[in-house]
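J.: Can you look at this prediction? I've put the sequence above it.
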Amino acid sequence: DSGVTQTPKHLITATGQRVTLRCSPRSGDLSVYWYQQSLDQGLQFLIQYYNGEERAKGNILERFSAQQFPDLHSELNLSSLELGDSALYFCASSRTSGSQNEQFFGPGTRLTVL
Amino acid sequence: GESVGLHLPTLSVQEGDNSIINCAYSNSASDYFIWYKQESGKGPQFIIDIRSNMDKRQGQRVTVLLNKTVKHLSLQIAATQPGDSAVYFCAENTSGGYQKVTFGTGTKLQVIP
């Protein structure tokens, strides 16, 4: 158990809908990262937050957004969902935002868009 | 369990033998590298890391080798066990203070009992 929790574990929705994925980092970790893992793309970094502020952006679509709240939990919002958004979404956390920090991954949320 | 990737390279190793998993990275500015293990249905798990000022680092049963000249990273697992069966990813961090991780596509390790 990494100490990172994600909810829900599974999510099934329809095209055009909007969903929110939630992540609670390990106790004491200030950085949260979101990743998308699909069968044909592997693990793709989406976005990073540190202590409530956006720190780095990866391959995140404009239809997607995220935020980190004062209690350090984070939410990833996916809107106007398409079939291709079906994937595993992982959250990870680390102690700081520096470039050489071990990331601890949550168990993931499996999103299925029908 | 869930499969990760339809076209992952697969390495099959006899239990007890040593495994070597290779990874090529692309960014010469990357200064920190990590190997992750992902078991079926779980998130990636940190195995070992190495900074760019080193060429070798050893952990418990694992060794990471870094060749910056050819931008190549390898993970060696000694005395491979059935519990080592998983997908292994290398990841590179670009420098600049923020951790922006780029993962490789992964290698599936199958341990034959």
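T.: Noted; the coordinates are in hand. All figures in this text were calculated on a predicted structure; none of them were measured in a lab.

J.: Residue B:26 touches residue B:71, doesn't it?
T.: Yes - contact criterion CB atoms under 8 Å: residue B:26 and residue B:71 qualify, at 6.8 Å. The C-beta positions use only the backbone N, C-alpha and C, and glycine is treated the same way.

J.: Can you pick out the residue with more neighbours from those two?
T.: residue B:71 (15 against 9; other CB atoms under 10 Å in any protein chain shown).

J.: Spit out the contact partners of the more buried one.
T.: Listed by CB atoms under 8 Å, 6 or more residues apart in numbering or on different chains, the contact set of residue B:71 reads B:24, B:25, B:26, B:28.

J.: The second one: how many residues sit nearby?
T.: Right, the one you point to is residue B:25. Residue B:25, neighbours per other CB under 10 Å, totals 18.

J.: does the closest residue to it other than its chain neighbours sit in a helix or strand, and which one?
T.: By the measure of CB to CB, 6 or more residues apart in numbering or on different chains, the closest residue to residue B:25 outside its immediate chain neighbours is residue B:92, 4.6 Å from it. Secondary structure assignment for residue B:92, by DSSP states H and E: strand B:86-94.

J.: So which residues make contact with that strand?
T.: With contacts defined as CB under 8 Å, 6+ apart, strand B:86-94 is touched by A:42-43, A:99-100, B:4-5, B:8, B:21, B:23, B:25-27, B:29-40, B:44, B:47, B:73, B:75, B:99-109.

J.: looking at chain B, which helix or strand does the model trust least?
T.: Sorting the helices and strands of chain B by mean pLDDT, DSSP states H and E puts strand B:101-103 at the bottom, at a mean of 75.

J.: Can you list the neighbours in contact with it?
T.: Contacts for strand B:101-103 (CB under 8 Å, 6+ apart): A:33, A:35, A:42-45, A:103, B:25-27, B:30, B:34, B:36, B:89-94.
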